[in-house]
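Engineer: how would this look folded up:
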Amino acid sequence: MRQLQWDELDLLQGLEVIPTENDNGGLHFEVEQAGLKLLVTLWSHAGVVDVTLVHQPTRSILLDFTVAVRGRIRYNNDKRGQYLEFPDCVLVSRISFSLEQDEAAFNPNTFGRPMLLTVRPYPSVLFE
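Structural biologist: Numbers count the residues shown, from 1 in each chain. Got it, this is the predicted structure:
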């Protein structure tokens, strides 16, 4: 298993909410802004992050996925705005996460992409 790396201040600046710890050891953030709800759960020991984006008026799920994060999560404030960068992410199955999938996700030969999360002016998710 892989360990997520981050600085608490980076997460607080990027998501602008105080996290809660869920019963299974995940660090959970819930951001509501502009009719959207962004749910982010960090599973430190597994090295994965769950991301869900919900359109609140209709309660429709717009995005719902899990990524393995290979690299340190960082807060950035640059010409693109204020955002959290999750470097080198690989999409993984939330339902059937297996040892083989874990090994493939964290293999340096598996291609990954950076994921950016922002909450201003509205919650959004971008894969670069």
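
Engineer: Show residues contacting the strand with the most length in the chain.
Structural biologist: When secondary structure is assigned using DSSP state E, the longest strand within the chain turns out to be strand 81-92. Outside of strand 81-92, the residues within contact range by CB atoms under 8 Å, 6 or more residues apart in numbering are 10-11, 13-15, 48-49, 65-76, 101-102, 104-106, 110-118, 120, 127. Placement of C-beta: from N, CA and C, glycine included.

Engineer: do that again at 6 Å, thanks
Structural biologist: 14, 66-71, 73-76, 101, 105, 110, 112-118 (CB atoms under 6 Å, 6 or more residues apart in numbering).

Engineer: Show me which of the residues you listed are buried.
Structural biologist: Burial by neighbour count, 16 or more other CB atoms under 10 Å: within those this picks out 14, 66-70, 73-75, 105, 112, 115-118.

Engineer: By pLDDT, give me the weakest of these.
Structural biologist: Across the buried ones among the contacts of strand 81-92, the member with the lowest pLDDT is residue 105, scoring 87.

Engineer: Now that one. Its backbone dihedrals?
Structural biologist: phi -60, psi -40 (degrees, to the nearest 10).

Engineer: Quick check: which element contains the residue nearest to it when sequence neighbours are not counted?
Structural biologist: With CB to CB, 6 or more residues apart in numbering as the criterion, residue 105 has its nearest non-adjacent residue at 3.7 Å, and that residue is residue 68. Taking DSSP states H and E as the criterion, residue 68 maps to strand 60-69.
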